[in-house]
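Chemist: Take this sequence and fold it.
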Amino acid sequence: MGADDILSGIKVHMTFKGDLIREPVISRLISETGVVVNIRRANVDENVGWMICQLSGEPGCIESALIWLSDHEVEVNRLADVVES
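Modeler: Prediction:
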C-alpha cells in the first residue's frame, strides 16, 4: 500500500495487559489486516503497556484492525484529534 492508497485514519489508545506486552501484537496486526500503524506515544512496564497510534488505510482495513485487536484482548479507545506537544 503506497501513500496514495491511504484513504482514512483514526487515532486510538491501546492498552496491553499481562502476557500481551511480550507478544508481537503490532507486527501481527499489520500483517493480518493491512493497516498502517504510526506509533505516536507508548509506555511499557512490568504488567501493562499502552500506545497512542494513528491507524491508517482503507476503511475496511481499519475496521478489521479494530475487530482484530478486540479479538486479541487489546483494549482500544478511539481518540479525538488533539494537538500533541
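Chemist: where in the chain is pLDDT low?
Modeler: Across the chain, the stretches falling below the confidence threshold (pLDDT under 70) are 1-7, 81-85.
Chemist: quick one: contacts for Arg78?
Modeler: By CB atoms under 8 Å, 6 or more residues apart in numbering, the contact set of Arg78 is 10-12. All C-beta atoms are positioned from the backbone trio N, CA, C, and that covers glycine.
Chemist: gap between it and Asp45?
Modeler: 24 Å (CB to CB, to the nearest Å).
Chemist: My understanding was that His72 contacts Ile26; is that so?
Modeler: No. Using CB atoms under 8 Å, His72 and Ile26 do not qualify as a contacting pair, with a distance of 10.9 Å.
Chemist: Who has more neighbours out of those two?
Modeler: Ile26 (18 against 14; other CB atoms under 10 Å).
Chemist: In which helix or strand does that one reside?
Modeler: According to DSSP states H and E, Ile26 maps onto helix 25-33.
Chemist: Can you tell me which helices and strands the helix or strand following that helix packs against?
Modeler: Once helix 25-33 ends, the next helix or strand along the chain (criterion: DSSP H and E) is strand 36-44. Contact partners of strand 36-44 among helices and strands, from 3 or more CB pairs under 8 Å, 6 or more residues apart in numbering; DSSP states H and E: strand 8-17, helix 25-33, strand 48-57.
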